[in-house]
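**Q** I would like to see how this sequence folds:
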Amino acid sequence: MNFTHIKAFYTVAKLESFTLAAQELNVSQPTLSQQVKSLERHFDLPLIKRNRKAIQLTHEGEIIFSYAEKLMAIAREMDREIEDIHTRLLKIGTTPTLSRYFLPSIVLKLKENNPDLKVQIYTGLSKEILKMVLDFECHVGVLGRVHYPDHVISRNIFKPKLSFISKDIEKEKIHLKDLSDYPIIFPEEGSATRDYIIGEFRKRDISLNNFMDCENPAAIKHMVHLGMGGAFFPYYGVEDDIRDGKYRCIELLDDLHLTIDLIYLVDRKKSKTVRSFLEVLRGHSLP
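**A** Purely as a prediction, here's the structure:
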């Protein structure tokens with residue numbers, strides 16, 4: 001069995017196009033077609049129906065594709081592990097707020113313990129970070145809790161209490177029900193903070209009548225400073241602004257905590273770079 005032929009078939013099936021697959025694999029379309037036909041001859045089975053313009057797999061093709069998908073995942077992981085050996089590289093995915101207030105001290109300690117280790121940090125929404133970990137684009141993710149597939153290892157690393165920031169609310173303490181009609185600025189969809197807070201409103205059967213979305217945490221805080229509404233943040237993310245008097249921090253009597261997890265794939269658990277990160281994290285003082 002030829003791995004190149006498996007990869008050719010997998011790419012055609014995934015992209016549902018011989019043309020796009022040929023472009024991605026940088027081969028001619030006739031060459032790609034011959035590679036797929038060679039795989040069909042190996043199994044002595046038709047894998048792709050060729051009587052339509054759209055790519056459609058046969059029943060046997062669906063079975064072969066499911067195994068090819070697993071083989072491609074293993075091949076990608078092998079490439080990443082070899083990359084680790086050669087480059088000593090650790091790619092960390094995290095949210096913008098955590099990248100600023102949580103990761104720098106960890107990365108500093110990590111570099112002190114591993115001077116030859118290269119570290120790259122990528123930011124995004126929690127669901128985006130999860131996808132990067134699943135796609136082998138990041139070795140580890142530090143993010144607000146979302147739903148994880150079975151082949152992801154997750155460890156809760158801390159649970160910061162959430163506060164509500166506002167320019168004009170005078171009370172020092174409030175309940176969520178007090179915010180039903182107050183303008184709230186949420187992170188965009190895909191944020192673990194957004195999903196958690198909206199879930200807490202629904203759990204208490206509290207309606208949300210006045211809210212907007214914004215993708216950038218710094219922009220959200222600036223909008224609060226301008227008096228456009230309020231937002232939910234862990235205290236460490238707004239401490240400096242509160243000290244500077246940009247807005248007030250109001251305690252939530254509902255006692256809400258955001259769950260922050262470290263995640264990595266089961267296939268990464270033996271990675272030296274991942275183990276180095278875990279060792280530093282275990283000895284780190286959390287906010």
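
**Q** Would you map the strands across this structure?
**A** Secondary structure of the chain, counting by DSSP state E: strands at 48-49, 56-57, 89-94, 118-123, 140-144, 152-158, 162-166, 173-174, 184-187, 211-214, 231-234, 248-252, 260-265.

**Q** Can you name every helix or strand that the longest one contacts?
**A** Under the contact criterion of 3 or more C-beta pairs under 8 Å, 6 or more residues apart in numbering; DSSP states H and E, the helices and strands touching strand 152-158 comprise helix 126-134, strand 260-265. (Each C-beta comes from the backbone N, C-alpha and C, glycine too.)

**Q** Next: the last one.
**A** If you count contacts as 3+ C-beta pairs under 8 Å, 6+ apart, strand 260-265 packs onto helix 126-134, strand 140-144, strand 152-158, helix 272-282.

**Q** give me that answer again for 10 Å
**A** With contacts taken as 3 or more C-beta pairs under 10 Å, 6 or more residues apart in numbering; DSSP states H and E, strand 260-265 sits against helix 59-87, strand 89-94, helix 126-134, strand 140-144, strand 152-158, helix 272-282.

**Q** Can you tell me which of the ones you listed has the worst average pLDDT?
**A** Mean pLDDT values for the helices and strands packed on strand 260-265 show the minimum at helix 59-87, a mean of 82.

**Q** Relative to the whole chain's centre, how far out is it?
**A** Centre-to-centre, helix 59-87 and its host chain are 20 Å apart (C-alpha atoms, centre = their mean, to the nearest Å).

**Q** in this protein, what secondary structure element scores lowest on mean pLDDT?
**A** In the chain, no helix or strand scores lower on mean pLDDT, DSSP states H and E than helix 59-87, which sits at a mean of 82.

**Q** what's L39 in contact with, if anything?
**A** When contacts are counted by C-beta atoms under 10 Å, 6 or more residues apart in numbering, L39 is found next to 1-2, 4-10, 45, 47-48, 61, 64, 68.

**Q** ok, 7 Å please
**A** H5, I6, F9, L47 (C-beta atoms under 7 Å, 6 or more residues apart in numbering).

**Q** Could you identify which of these has the most neighbours?
**A** F9 (25 neighbours; other C-beta atoms under 10 Å).

**Q** Can you give me every residue that contacts that residue?
**A** Taking C-beta under 7 Å, 6+ apart, we find F9 in contact with V36, L39, L47, I64, A68.

**Q** now do L262
**A** By C-beta under 7 Å, 6+ apart, the residues touching L262 are V140, V142, R155, I157, L281.

**Q** how many other residues sit next to R243?
**A** Residues lying near R243 (other C-beta under 10 Å) number 8.

**Q** in the stretch 151-287 of the chain, which ranges drop under the pLDDT threshold?
**A** Where the stretch 151-287 of the chain drops to pLDDT under 70, the residues are 285-287.

**Q** what's the closest of the helices and strands packed on strand 260-265 to S180?
**A** Each of the helices and strands packed on strand 260-265 has some distance to S180 by C-beta to C-beta; the shortest is strand 140-144, at 23.6 Å.

**Q** can you list the residues that contact the closest one?
**A** The set of residues external to strand 140-144 that reach it, using C-beta under 7 Å, 6+ apart, is 92-95, 98, 102-103, 126, 129-130, 132-133, 192-193, 196, 258-264, 274, 277.

**Q** how about a cut-off of 8 Å?
**A** Here strand 140-144 makes contact (C-beta atoms under 8 Å, 6 or more residues apart in numbering) with 90-95, 98, 102-103, 126, 129-130, 132-133, 157, 191-193, 196, 258-264, 268, 274, 277.

**Q** Against S126, how distant is the spatially closest residue to F186 that is not a sequence neighbour?
**A** Sequence neighbours aside, R194 is the residue nearest to F186 in space, at 4.8 Å (criterion: C-beta to C-beta, 6 or more residues apart in numbering). If you measure R194 against S126 using C-beta to C-beta, to the nearest Å, the figure is 9 Å.

**Q** Of these two, which one has the most company?
**A** For the pair R194 and S126, the greater number of neighbours falls to S126 (28 against 19), based on other C-beta under 10 Å.

**Q** ok so, going back, could I get the contacts of L262 in CSV, plus columns for distance to A75 and neighbour count?
**A** Supplementary listing: these in CSV, determined by distance: C-beta to C-beta, whole Å; neighbours: other C-beta atoms under 10 Å:
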residue, distance to A75, neighbour count
V140, 21, 24
V142, 27, 24
R155, 27, 11
I157, 31, 16
L281, 29, 17
